[in-house]
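Chemist: sequence first, predicted model second:
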Number of protein chains: 6
Amino acid sequence: MKQVVTFGEIMMRLSPPLNYRFAQTQSLEITYGGGDANVGASLAGFGVPAAHVTCFPANDLGRAAAQQFRALGVNMDATIYQGDRLGLYFLEVGAGMRPSKVVYDRANSAFANLDPAAFNWDEILKNAGWLHWTGITPAISASTAEATRQAIAAARRLGITVSADVNYRRNLWQYGQTAQSVMSELVEGCDVVVCSENDAEDLFGIKPQPGTDSKFVSVAQQVMARFPQIKQVVTTRRKTHSASHNGLKGIYYDGQQFLETVTYDINPIVDRIGGGDAFMAGFIYGSLAYDNPQQALTFGVAASALKHTVHGDVNLVTVAEVEEIMKGNTSGRLLR
Amino acid sequence: MKQVVTFGEIMMRLSPPLNYRFAQTQSLEITYGGGDANVGASLAGFGVPAAHVTCFPANDLGRAAAQQFRALGVNMDATIYQGDRLGLYFLEVGAGMRPSKVVYDRANSAFANLDPAAFNWDEILKNAGWLHWTGITPAISASTAEATRQAIAAARRLGITVSADVNYRRNLWQYGQTAQSVMSELVEGCDVVVCSENDAEDLFGIKPQPGTDSKFVSVAQQVMARFPQIKQVVTTRRKTHSASHNGLKGIYYDGQQFLETVTYDINPIVDRIGGGDAFMAGFIYGSLAYDNPQQALTFGVAASALKHTVHGDVNLVTVAEVEEIMKGNTSGRLLR
Amino acid sequence: MKQVVTFGEIMMRLSPPLNYRFAQTQSLEITYGGGDANVGASLAGFGVPAAHVTCFPANDLGRAAAQQFRALGVNMDATIYQGDRLGLYFLEVGAGMRPSKVVYDRANSAFANLDPAAFNWDEILKNAGWLHWTGITPAISASTAEATRQAIAAARRLGITVSADVNYRRNLWQYGQTAQSVMSELVEGCDVVVCSENDAEDLFGIKPQPGTDSKFVSVAQQVMARFPQIKQVVTTRRKTHSASHNGLKGIYYDGQQFLETVTYDINPIVDRIGGGDAFMAGFIYGSLAYDNPQQALTFGVAASALKHTVHGDVNLVTVAEVEEIMKGNTSGRLLR
Amino acid sequence: MKQVVTFGEIMMRLSPPLNYRFAQTQSLEITYGGGDANVGASLAGFGVPAAHVTCFPANDLGRAAAQQFRALGVNMDATIYQGDRLGLYFLEVGAGMRPSKVVYDRANSAFANLDPAAFNWDEILKNAGWLHWTGITPAISASTAEATRQAIAAARRLGITVSADVNYRRNLWQYGQTAQSVMSELVEGCDVVVCSENDAEDLFGIKPQPGTDSKFVSVAQQVMARFPQIKQVVTTRRKTHSASHNGLKGIYYDGQQFLETVTYDINPIVDRIGGGDAFMAGFIYGSLAYDNPQQALTFGVAASALKHTVHGDVNLVTVAEVEEIMKGNTSGRLLR
Amino acid sequence: MKQVVTFGEIMMRLSPPLNYRFAQTQSLEITYGGGDANVGASLAGFGVPAAHVTCFPANDLGRAAAQQFRALGVNMDATIYQGDRLGLYFLEVGAGMRPSKVVYDRANSAFANLDPAAFNWDEILKNAGWLHWTGITPAISASTAEATRQAIAAARRLGITVSADVNYRRNLWQYGQTAQSVMSELVEGCDVVVCSENDAEDLFGIKPQPGTDSKFVSVAQQVMARFPQIKQVVTTRRKTHSASHNGLKGIYYDGQQFLETVTYDINPIVDRIGGGDAFMAGFIYGSLAYDNPQQALTFGVAASALKHTVHGDVNLVTVAEVEEIMKGNTSGRLLR
Amino acid sequence: MKQVVTFGEIMMRLSPPLNYRFAQTQSLEITYGGGDANVGASLAGFGVPAAHVTCFPANDLGRAAAQQFRALGVNMDATIYQGDRLGLYFLEVGAGMRPSKVVYDRANSAFANLDPAAFNWDEILKNAGWLHWTGITPAISASTAEATRQAIAAARRLGITVSADVNYRRNLWQYGQTAQSVMSELVEGCDVVVCSENDAEDLFGIKPQPGTDSKFVSVAQQVMARFPQIKQVVTTRRKTHSASHNGLKGIYYDGQQFLETVTYDINPIVDRIGGGDAFMAGFIYGSLAYDNPQQALTFGVAASALKHTVHGDVNLVTVAEVEEIMKGNTSGRLLR
């Protein structure tokens, strides 16, 4: 199987233990994650060769972050060590009707200030069959947008499949270019996108046609018309009963067929962060491993549902575990 | 906004981690709380100037307790340091059908043995607009009852609103006077009381009139007739599905209108202790901040519901967080 | 009350904290347990004199295991210290649709290699009124099977009630004798057995008669016909909604009447391990303490339901706590 | 070997982790200990049959304390469950020049309020060869002094050796009788006493004769003259370099010979509490196991030195470990 | 006693537990500290009214930092909430020959970007008798230097004593002005300075006169000649045997007399951070409480020595504890 | 730089936290280590390409162990997943005069039962310049000895330097062949050996010649005469003052010159395990990086000394950190 390459920032995540509030903790638990790197690590766990490309400060914190992803089986050889600080985010885990809460502290990170010229994409992608990125990366700075642009261009040049989770984050995009213009250019080079109706409206001004049966299909059709390289539009539907209890299903459109999965009931939620990344990793795995998109989609959602039971940003589950869920074995019966 | 002053004992709370039983733990987590002080701390978190009046032993444990409430923004300047020991309670947290369990070790505490003459209530209340106390305080000893009596008298003299959570605890009241006689005298000086039907019967011998539509209204009417100073009677209705899952709503009668709130579904419960104190703090805040009792009542119950998701006796939430719940945003959706 | 004696292996159990996966933990929490010893410890907690018979290596780990059961009030005086290693099992606790997972590391334990001649059963059982064993013990090795055979023989000789949880574990039984032949001989000496339909088929080739109303009754009748010493067949019915949520009831047949209990809803599950042992301990207690089997059965299931809220293999609950559940007080209301 | 019986209070000890101060901890580690019970537990660890006699409240905390000593192999069958609360002490562990600090909270404990008539000493001591008590016990209350008196009387009646660590604690002795009068009566019945020069002066007004070579011998001679039953006076000499570094040796006089040991250098100190109890347990063991007092004394001091490397009040070491120290193997070389 | 006001940044400190390296930890312990704020908190612990002036981001982390200092008794009312992020530093604690290591992440903190106009120094200092600042504050940014300038000017205007720990940090001072020019201006307004020979050379180009008996006196004389407002120059001498073992003494010159203290041997070191701040706090306390500089100096060094036994940046000790050290009671003997 | 390849077992290490004894802990901290793998991981930390060859069971524990070494930068691609269980060892950390204590539980591990034919050494060693093994590996089983034999043969064939830490462990060597015969054959193929006088006597019957100046040189000369391939014999001299305080130096003989280092004073010891492996890794690094053996030897001992300050089996230090020690900077002065 060819390598899947991901590109993006990895941050240190700092959380009070259990459901403690920021104001009452004397310690913070550390994990590391990033929207794209989580996809790579999850794929490595599924046995897919995975490499992640990023930039860390040349200090103990940057090295610790790299170590963590290397442990998970992700090839980190293309990491650049340069710049001042590791991006951080603080996560307070909610419960019931109290939401989880993120305080970002990622400005001026080594990744935000990366030098696009430091990455030799033709070399980096030489063994790759798939490139994945998220809309967070170009939202950080002009240089991260430029590096994304070059990565996509190289992938197209090399005939590599490109996927993106467009993932619009209003609080980013502070560097003077609009999400709309930057993302339109980048999405042009993509074969597969995760894109919800909200994303489509925020990023591309695309709204469902009035009177259509399925708003998602209507939006996906317009996205595919606007960006003809795109062959598949997918997303998840989340029903947020509470911070501890969600429902989740996946939906898909490829120009011809609309697919959806059953809704998985997730209760209790151990860790909701990285749920979307787990979906994308699952969908990529499914696309590579199965010969029909329904199975790929179901694998993606089943993987994401399982992710909610795993602590940390990364989905530490195996193909066998996801396939049990796909078969409907969601009872959690003790395995001896 | 004028200061809210609370008076009562603060105990060290010692709990095994997680859901461990007393018999199996090698450590105890410490927090500090008390029915009245929890109200003050919660109000401080809402931005209301709050002061708490209490008595601690002049040792490291008493000072640590004071520190904790000072951290939360409660003015502790009127604390008396005198006496032998800090009151303690040991809490074992249950789960599902196993109840949480409290072992009290509060006898002969510095607070129980306080000298009523040590408190200069006219001075203490000079910036206050509201005095709150609970039925636990006069239940502890003759001297704490006397101090409560003097505090209420001073408040009346100074034209300060007085509220009480009458909170009948059968296991206290060991010092030779009856709850009935002591509480009747104290409640006479109150404007607002938290009083359930059970409390009314236990403390005042008041039962609902047969054949009335609402037992609560019938009881509240009799309470208000007996104690004409009282203008509002409030309480909560708790549906205890399990130690991990409760429903909660608030009810209110003011002589003219009966109000109630929606029932909030609380699942899972992180920490049930202090739920009633959070309600009272919320109701006081709501009474000061809104111009109608329905909003005050809803704020109180929403605050209490949120409290159940917060570890410790004290409700560490903000006005904005409670108002989200009031608006119906109980989905716990992740805040980035 | 006469002593209940149990016989079997005690293992060290090593679990990541909370719901962490094996791959992400830096520490393991230790408890100790074993199917038969858990019954003994639970009975000791109910005030029944209990003794456990086992074999530990003469090292610090074996001594620590003994200490733990001695703490719980189990007489460990008949322990043999001999052999190489303590049996271990690693437990990863699941959540929701992710199952808990056990990795056994018990081969070549001191218990597996015990010398049957080291146990003087007539001496060991001299104060006993009841002997309990599980199908795990004879599944481990020829020598553990032989020791079980001798224990049962002695019990029969001394007129002691014998019970067994037949508990067929396919992964054990590696030593060259079949479960079918060994267990048939051992079960012959039993008065009471825990035996599900699956166990009956796997161990004795007994299937429900076609067309019977109750498969369990049909199977139990055949079991009792095959092994005439058996007077009661019991088991539990578990509905596994998820790793965090189960339903549980008990069923019973004694040749004349079929009994069942209400279904207890268990949510959330704190620790599912030892649930069956807690049932058996409860049923033994109930058989000794009450004069009717319905109460014994209900006590057993209520005890087992409560066990699911207690961390560790052993059911650390009192008779009073179980009796509250029996009375229907499953609301988990705070006890002050 | 005959049983050694100890009598006295067991308290819950609550300590911040590591060297944290009371003001900065959010949790407390729990162990249980008491001057006499520590001796019993240490002896049990040496393989000597040991029983401890005490009184606990009939609550979860009292039962947990009993469990802990039962785990260590101490027979707790004579425990009385009665009274209101478990005695507590809070320990802050120092470092270097910062002393460790104890805050006692033991007033009105179940033990302090015990009923002397509850103990049937003839029954309790029926298998005993030795009774040990400390000066803390009669210092607590008139009833604990009376129980001590009765225990000693029974021991004398039954021909059992009696030892005491006279251990004068100025802060106790609040109940209206003087240490001098009570202790003189009790010490009359002892065969062996731990008594330093300070203790002798505080309790018996005995000062070294001017001009004597050894103050200890001079004092011991006077003590033995005053209390003719006493055959051996022992104590330790501690050189407190810092909270982390002490030197320790033992001294002994028996009317004929003065003995002393080498000084053991203890660095770092893991836990200094219970060092004296470990010495006494070691001296009792040595007196029972060896035929000369020099070895007994050395065993006592070596055991005490090792205790300083063990967390908690109780000396969790074996005879073999102590004997290594006695042989001079103090290098702490790794044992594989 | 008049208030001591301190001004400077408070950072969150994040440390692996114990002596773990950054690369191997899964959690970080949080405390908060800053060179100036540590002085204020220490003084509050000595009973001196203390207020700290700083700027925090208006997020949960900023509020938690404020809470922590409020708990310690420091008046935080003048805090400005504004800006983007809380300054952080990561601390890895060494042992023996392995040094402790700090990774700073304080660039672009709320404090660094503060608006000098936000502080009304005449109002802030209205109850003050002493203003203390450190050389770290003007090293951060032009605006923090400007705020320091205004604070000193106001203090001079109001006749308040001003002290500074000049504390030259080469890695700061990145904003385009030289330490030499900025610090010379600021030190002009000071009455008391902590200034080592190295600081004097780095900041003021002052070197000891060749051939002088005491380099420190020579340097101090030149400093006092250059800045005539300065009346006392003090500093500590640290002998770094290892990361776990230091020696420490204090030295002093006031134009007339040179004073020094004994050398305190500090072994083991629990936490070395904040040792200098503890010295300064102690010297300020001593200057206010005693009538001779020798006692002030000794109090300062004794306080600093004790600080090394306390976890965190802040010296959580009392006047009584420091005075014991001053009296020579450095044996760390257990206090019951 | 060419790859260094190591071969041997990796075990899970389970230790009570801090200095707790096995009998008192409720949790165990996990790390992973092995005499040879520790050398590889240490070299990876020095920037040397390192690969380790081993055999793990195909379960979660085996995968977690591999992950840990992959995180440290060791290439684990040649790992075989086969067999039943992961080798374990339990470590109790001593203090002062109480020794640390290891309980091994490694019998029948996947590694012990490995199939020598599973390793294609020519392929594994194709990029290697150095092969390192320890005497523990052939001591485990006939098959591990055979695999070692084949590895050495391949290395010789490929002209790769071979080193061994002969490390005689009396408790291993249970499989029917003698250490003497097996090791003699294996050592024949080595260029560099770590071998103390004791090892030489135990393994090769070599004793120092009477009357020689240096016993080590005498032994080394005989070893080199017996095994002419050996060019360097090195070892360390450890002075064990206590479990917390050691001295360490290195010695070396190469047929011509005898070299030794200064003695490093190690106090306190954080973790002594892996000290010898750290020495060997340092000596290999030094041999590759420096052009004289004195520097290599000093680097080895300095690295080992630093290891004693690092938790776990593996020496998590950098070349720069070791070189500071080599320069004499052992003061542990704080690095900002």
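Modeler: Sure, I can see it. Numbers count the residues shown, from 1 in each chain, chains lettered A, B, ... in the order given.
Chemist: leaving out the residues flanking it, which one is nearest to the residue in chain A sticking out farthest from the centre?
Modeler: Of all residues in chain A, A:Arg336 has its C-alpha farthest from the mean position, at 33.0 Å, by C-alpha atoms, centre = their mean. Closest residue to A:Arg336 apart from its sequence neighbours, by C-beta to C-beta, 6 or more residues apart in numbering or on different chains: C:Val102 at 4.7 Å. In short, each C-beta sits where N, CA and C put it, glycine included.
Chemist: residues of the stretch 101-250 of chain A that sit close to chain B?
Modeler: A:Lys101, A:Val102, A:Tyr104, A:Arg169, A:Asn171, A:Thr240, A:His241, A:Ser242, A:Ala243, A:Ser244, A:His245 (C-beta under 8 Å from any C-beta of the partner chain).
Chemist: and the gap between the second one and chain E?
Modeler: So that's A:Val102. Distance, A:Val102 to chain E, using C-beta to the nearest C-beta, to the nearest Å: 11 Å.
Chemist: ok, which stretches of chain A are helices?
Modeler: In chain A, the segments counted as helices under DSSP state H are A:35-45, A:60-71, A:121-124, A:136-140, A:142-158, A:179-187, A:197-204, A:215-226, A:275-289, A:293-307, A:319-326.
Chemist: of the ones you listed, which is nearest chain E?
Modeler: Shortest distance between chain E and those, using C-beta to the nearest C-beta, is found for helix A:60-71: 4.0 Å.
Chemist: quick one: is that closest one near chain E?
Modeler: Yes: for helix A:60-71, a contact with chain E is found by C-beta under 8 Å from any C-beta, at A:Asp60, A:Leu61, A:Arg63, A:Ala64, A:Gln67.
Chemist: burial check on A:Ala37, number of neighbours?
Modeler: When neighbours are defined as other C-beta atoms under 10 Å in any protein chain shown, A:Ala37 has 31 of them.
Chemist: I'd say it and A:Ile10 touch.
Modeler: Yes: using C-beta atoms under 8 Å, A:Ala37 makes contact with A:Ile10 at a distance of 4.8 Å.
Chemist: what's the overlap in contacts for those two?
Modeler: A:His52, A:Thr54, A:Phe69 (C-beta atoms under 8 Å, 6 or more residues apart in numbering or on different chains).
Chemist: TSV for those residues, including neighbour count and distance to A:His308?
Modeler: Converted to TSV, these look like this (neighbours: other C-beta atoms under 10 Å in any protein chain shown; distance: C-beta to C-beta, whole Å):
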residue	neighbour count	distance to A:His308
A:His52	30	23
A:Thr54	26	25
A:Phe69	27	21
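Chemist: just those residues now: which is nearest chain D?
Modeler: Using C-beta to the nearest C-beta, these come closest to chain D at A:Phe69, 31.9 Å.
Chemist: now do the contacts for the closest one.
Modeler: A:Ile10, A:Tyr32, A:Ala37, A:Gly40, A:Ala41, A:His52, A:Met76.
Chemist: verify the stated contact: the fifth one with A:Asn75.
Modeler: It refers to A:Ala41. No: look at A:Ala41 against A:Asn75 with C-beta under 8 Å: they stay out of range, at 11.0 Å.
Chemist: common neighbours of these two, please.
Modeler: Counting by C-beta under 8 Å, 6+ apart, the residues touching both A:Ala41 and A:Asn75 are A:Ala50, A:His52.
Chemist: between these two, which has more neighbouring residues?
Modeler: A:Ala41 (31 against 18).
Chemist: in space, what's closest to the residue nearest the centre of chain A - neighbours in sequence excluded?
Modeler: Nearest residue to the geometric centre of chain A (C-alpha atoms, centre = their mean): A:Asp277, 3.2 Å. Excluding the flanking residues, the one nearest A:Asp277 by C-beta to C-beta, 6+ apart is A:Asn38, at 3.7 Å.
Chemist: appreciated, that's everything.
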